[in-house]
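Undergrad: Need a 3D model of the following:
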Amino acid sequence: RRNKACCLPSRLSASVGAHLRRRSRLARHLSLKDEYGEPWTKVHYPAVQAAFQMDEEHADKTWKTLHDAIQEIHKQNASGLSFEELYRNAYNMVLHKFGDKLYNGLVETITLHLRAVAAEVAQANDEELLQSLKEKWDKHRRSVIMIRDILMYMDRTYVVAQKQMPVYDRGLLIFRDEVCRNPQIKERLLATLLDLIHRERSGEMIERGLIKNLTAMLVELSREVYQRDFEQPFLQATANFYTSESNEYISQNSASDYMRKAELRLTEESDRVAHYLDASTDSKLKEVAERELIARHMRTLAEMQHSGIVTMLENERVADLTRAYDLFKRIKTPTDGLGMIRDIMATYVKSLGIRLVADEELGKQPVAYVQQLLDLRHKYARVIDQAFSGDKQFYNSLNQAFEHFVNQNQRSAEYISLFVDEHMRKGVRTTSDEEVDSLLDKVVMLFRYLQEKDLFEKYYKQHLAKRLLGGRSASDDHEGMMIRKLKQECGYQFTSKLEGMFLDMKMSLDTQVSFRDDMGGSSKVDGVELAINVLTTGFWPTQSASSCALPTQIVRCCEVFKAHYLKQHSGRRLSWQTNMGTADLKATFGGRKHEINVSTFQMCVLLLFNTADVLRYSDIAEATQIPVTDLKRALQSLACGKFRILTKEPKGRDVDESDSFHFNAAFTSKQHKFKVGTVSAQRESEAEKAETRQKVDEDRKPQIEAAIVRIMKSRKSMEHNALIAEVTSQLLARFTVGPNVIKKRIESLIEREFLERDKNNMRMYNYLA
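TA: Coordinates of the predicted model:
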């Protein structure tokens, strides 16, 4: 105390005094009953003489005092002890080189005490074991904290110098060895903890707080104790439990029911960690539970008949698919869980698509064919968004599946173009621009799957030409919207000709005005009103075989316009595309007059019946010189369509070369004006398809050669296989090309001296500037 003179040597007195003041403050702090129970009592004691030297006998007496105090602390009877006296005794022993006696005596005292404690705990029955151990642990921990405070000087000097374990840590270590790992306690403790957890997993209520206190005890004793004495056996017991339960449950339930059970179990395990296990166990417990509940049964669940992933996809069971996605994504090795779902989805969608494109009846209906493709993709895109969180890898798998089967049908490019043509002709069935934009986005998505995008361009150009020239396009805004989407997808070069077609239509309006002015304010030539569209060669599709013998009065109109146009644009050459034109005819049927809009070919056929009531097919073909396919299509529309201006013998839907045709004087229609059109969305015949393919192949040649020259110009020299691979890669955005085709174009460039073979290696090519 401050009012007592300290008779220690002066060089130590200040230091000791500081310790005592700090310990006095600490003693007041330690007097809190909720921390240690009874408060320390300050007892007056005689001062140590300045000339004092501690000998062996005095050291034994001092240790006896400390030993008795430690035993009282263990008995929770610290109220009669003086902290200052005990602290100074310990201080003096260390100061006078009796640190070994103090430290070893402490270890022995705690050890003997804990052996007695272990014997008491071992006598407890199984139901009382955990509570008894918890109480003994709490008392021991409080006692060691008090002892540590008394021996703090030894901790700071002797323990550090001799590299011994600090008092508190040593106390925990002894408790571990003498109590927790006592042969009569260790196995019972583990078995009791595991049994309680097993009972909880089986649905019973247990005292979670008690387990929490004991696992916290093991953690404080050391991570190694917690992991070795509890965590490892606990994880093994968990694996055994879920191995047995999952095997039984999966054999008796559907995939959906099993996954609901697994999801519940995983949630329970996370909750278990939060309530009474150490946080470090969380990841390990998850790994064990996920392995036993999911990883071992993934393939079985995914492929389970009548309830697996395929069934969920068929019935769009979004909730079950979402659960499968959440569970399977936990598994990365040895098999990627999400990869398994993706593969099953892709395989299933691929099988549906292959069946769709192989359907012969559907193959005869281009619009229905494309609509089914759109519906199929929309269905599984919706599943990916709702069940698989819009996972991009799932979209990649879906796109790869579609690309596989869409390109198995060689008519896919044509049919997609016909689908757009159908909607653009009649107007997209929705009204708002947003809905139109959505439909065209879906079409462009299908277009993206095509490997021969240039083939689609060829067909789209043909169909767009017919819409523009026939005035059948419902909206220029919608046409422009589609072209912008194609440009965004493939670049300016892909849509430059389509945009040129629109430009020609605008220029043709100016030309029509100029022709009318030149004709004195009227476009009539010999009573025939003439409207001309001047088309730029290269922008528009041309069919050289589609010419026909025009009626005399129409030939006269053409000559007049040609003279006018060439007078303004000298040096240009005009060629009439009769397959693209239309005509308005005035007709009388038994006194009933009508105005009929027909194609140029239909006009040529109908004008023949001004001089004859019956004509054979051969007579019509000879008089008009219309190509066979176009002629049959025109006659079919006139004799077998909605407006039967002609009748056919024999009757039937198809036109044969042996048929004869009659003017139908009994024809009636409620409409004064009507239009006779060809069958909408008519697919190409085999001959037309072959012709289109030939044109596409011809158009590809300069593109292939341009790619070869670009590559060789930058590389200067290149090996054959490397050049083939690079050319294929560059052209892939527009079409796929085989190595043999590229090889032929290389040979052509060698002949024209753009390239040469290396003299020392025939498989190397050199660029010639």
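
Undergrad: Just give the number of residues close to D441.
TA: If you count neighbours by other C-beta atoms under 10 Å, D441 ends up with 11. (Glycine included, C-beta is placed from N, CA and C.)

Undergrad: contacting residues for it?
TA: Going by C-beta atoms under 8 Å, 6 or more residues apart in numbering, D441 touches K485.

Undergrad: what packs against the top helix by length along the chain?
TA: What stands out as the longest helix in the chain, according to DSSP state H, is helix 686-715. If you count contacts as 3 or more C-beta pairs under 8 Å, 6 or more residues apart in numbering; DSSP states H and E, helix 686-715 packs onto helix 453-469, helix 720-731, helix 739-751, strand 764-767.

Undergrad: These: which one's closest to K651?
TA: For those, proximity to K651 was assessed by C-beta to C-beta; helix 453-469 is nearest, at 29.1 Å.

Undergrad: Just after that closest one, pick out the following helix or strand.
TA: Using DSSP states H and E, the helix or strand that follows helix 453-469 in sequence is helix 476-490.

Undergrad: ok so, going back, packed most tightly, which of the helices and strands packed on helix 686-715 would that be?
TA: Ranked by mean neighbour count, these are led by helix 453-469 with a mean of 21 (mean count of other C-beta atoms under 10 Å).

Undergrad: can you tell me which of the helices and strands packed on helix 686-715 comes nearest to E120?
TA: Of all the helices and strands packed on helix 686-715, it is helix 720-731 that lies closest to E120, at 80.8 Å by C-beta to C-beta.

Undergrad: That closest one - contacts with which helices or strands?
TA: Checking 3+ C-beta pairs under 8 Å, 6+ apart, helix 720-731 ends up next to helix 686-715, helix 739-751, strand 764-767.

Undergrad: can I get those in TSV with mean pLDDT and distance to R148?
TA: Output for those, formatted as TSV (pLDDT from 0 to 100; distance: least, C-beta to C-beta, whole Å):
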stretch	mean pLDDT	distance to R148
helix 686-715	81	78
helix 739-751	88	83
strand 764-767	89	84
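
Undergrad: Just send these back as a markdown table, with distance to S280 too.
TA: A markdown table is the format used below for the helices and strands packed on helix 720-731 (distance: least, C-beta to C-beta, whole Å):
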| stretch | distance to S280 |
| --- | --- |
| helix 686-715 | 58 |
| helix 739-751 | 59 |
| strand 764-767 | 63 |
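
Undergrad: Minimum distance to I532: which of the ones you listed has it?
TA: Nearest of those (C-beta to C-beta): helix 686-715, 25.7 Å.

Undergrad: Which residues in that closest one does the neighbour count mark as buried?
TA: Residues of helix 686-715 classed as buried: 688, 691-692, 696, 700, 703-705, 707-708, 711-712 (neighbour count, 16 or more other C-beta atoms under 10 Å).

Undergrad: Next: stretch 262-280.
TA: Burial within stretch 262-280, assessed by neighbour count using 16+ other C-beta under 10 Å, is assigned to 262-263, 265-266, 269, 272-273, 276-278.

Undergrad: so how far is that stretch from its chain's centroid?
TA: The chain centroid and the centroid of stretch 262-280 are separated by 29 Å under C-alpha atoms, centre = their mean, to the nearest Å.

Undergrad: did I read that right, K139 in a helix?
TA: Yes - the assignment for K139 is a helix, going by DSSP: H, G, I helix; E, B strand; the rest coil.

Undergrad: how many neighbours does it have?
TA: Residue crowding around K139 was assessed by other C-beta under 10 Å; the count is 16.

Undergrad: isn't it right next to A78, touching?
TA: No - if you go by C-beta atoms under 8 Å, K139 and A78 don't touch, sitting 11.6 Å apart.

Undergrad: that older thread, so which of the helices and strands packed on helix 720-731 gets nearest D504?
TA: helix 686-715 (19.7 Å).

Undergrad: which parts of stretch 89-107 are buried?
TA: For stretch 89-107, a neighbour-count test (16+ other C-beta under 10 Å) marks 89-95, 98-99, 101-103, 105-107 as buried.

Undergrad: Out of those residues, list just those in helices.
TA: Those of those lying in helices (DSSP H): 89-95, 99, 101-103, 105-107.

Undergrad: what ranges do the strands span in the chain?
TA: Using DSSP state E, the strands of the chain run over residues 524-525, 528-529, 582-589, 592-599, 614-616, 646-649, 660-663, 673-675, 717-719, 755-757, 764-767.

Undergrad: List the neighbours of the first one that are in contact with it.
TA: Right, the one you point to is strand 524-525. By C-beta under 8 Å, 6+ apart, strand 524-525 touches 519, 530, 556-557, 560-561.

Undergrad: returning to what we had before: can you redo the buried residues of stretch 262-280 as a markdown table with distance to T600?
TA: Below are these laid out as a markdown table (distance: C-beta to C-beta, whole Å):
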| residue | distance to T600 |
| --- | --- |
| A262 | 70 |
| E263 | 69 |
| R265 | 76 |
| L266 | 73 |
| E269 | 78 |
| R272 | 83 |
| V273 | 82 |
| Y276 | 89 |
| L277 | 86 |
| D278 | 88 |
